[in-house]
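J.: model the following, please.
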Amino acid sequence: MKSMIGVATLFLSGVLLAGSVQAVDPAPASTADVLGKLHSTNVKEFRMGKMAGEHGRAKDVRVYGETIIDDHDALDTKVVALAREEGIVLAAHTPAVVMDEMPMSAGFDAAFARSMLRDHRKNIAEVQAARDATSDEKLRALLNAVLPVLEKHEDMAQQLVDQSDKS
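T.: You can find the predicted model right below:
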């Protein structure tokens, strides 16, 4: 977790996944741009996980927040390592982090779950598109490692949404 905080401070940046699932641009992005988007996503998810820990009312939401923090911290360590290995200045390719508006009241858990579900669906689509478009084998391997984590987060978010809909 400490490495993510340090990385987040160095690279205050963007979002791979904000908003709803949209058509994915078929033009291949550079390795640097893909790593920048991944980094930005990891920073956002880390911050969202912290928000869940601070404002989540349900234990499942807080546990999901911890999972998000741990997993995106580990993913970001890999992103930063590949950027260094490739000689990429990550800060130059990282979009600004855009946080979702969240109610800090009784509606937090449901809004958080829906935001995470939407984000992870979009992230999965973008990672798959980048993986399929790249000729960089190291990047492809990283993206293949990222997908199962994002899919796990999507499944967890869907469970939270389903629980929210029942109450």
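J.: and residue 132, helix, strand or coil?
T.: For residue 132, the secondary structure call by DSSP: H, G, I helix; E, B strand; the rest coil comes out as helix.
J.: how close does it sit to residue 68?
T.: 25 Å (CB to CB, to the nearest Å). Quick note: C-beta positions are derived from backbone N, CA and C, even for glycine.
J.: quick one, which of the two is more surrounded?
T.: Per other CB atoms under 10 Å, whichever of residue 132 and residue 68 has more neighbours is residue 68, with 27 against 12.
J.: quick one: which helix or strand includes the more buried one?
T.: When elements are assigned from DSSP states H and E, residue 68 belongs to helix 59-86.
J.: same check, this time on residue 49
T.: Secondary-structure element containing residue 49, defined by DSSP H and E: helix 31-55.
J.: chain neighbours aside, what residue packs nearest to residue 117?
T.: Nearest in space to residue 117, with sequence neighbours left out and distances taken as CB to CB, 6 or more residues apart in numbering, is residue 157 at 4.0 Å.
J.: neighbours of the one you found, how many?
T.: Around residue 157 there are 22 residues (other CB under 10 Å).
J.: follow-up on the earlier one: who does the helix holding residue 68 touch, helix- and strand-wise?
T.: Counting contacts by 3 or more CB pairs under 8 Å, 6 or more residues apart in numbering; DSSP states H and E, helix 59-86 is packed against helix 2-10, helix 31-55, helix 108-133, helix 137-166.
J.: okay if I get these as CSV plus mean pLDDT and distance to residue 61?
T.: Output for the helices and strands packed on helix 59-86, formatted as CSV (pLDDT from 0 to 100; distance: least, CB to CB, whole Å):
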stretch, mean pLDDT, distance to residue 61
helix 2-10, 38, 20
helix 31-55, 95, 5
helix 108-133, 95, 5
helix 137-166, 95, 6
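J.: distance to residue 62 for those helices - can I get that in a markdown table?
T.: Rendered in a markdown table, the data for the helices and strands packed on helix 59-86 read as follows (distance: least, CB to CB, whole Å):
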| stretch | distance to residue 62 |
| --- | --- |
| helix 2-10 | 18 |
| helix 31-55 | 5 |
| helix 108-133 | 9 |
| helix 137-166 | 11 |
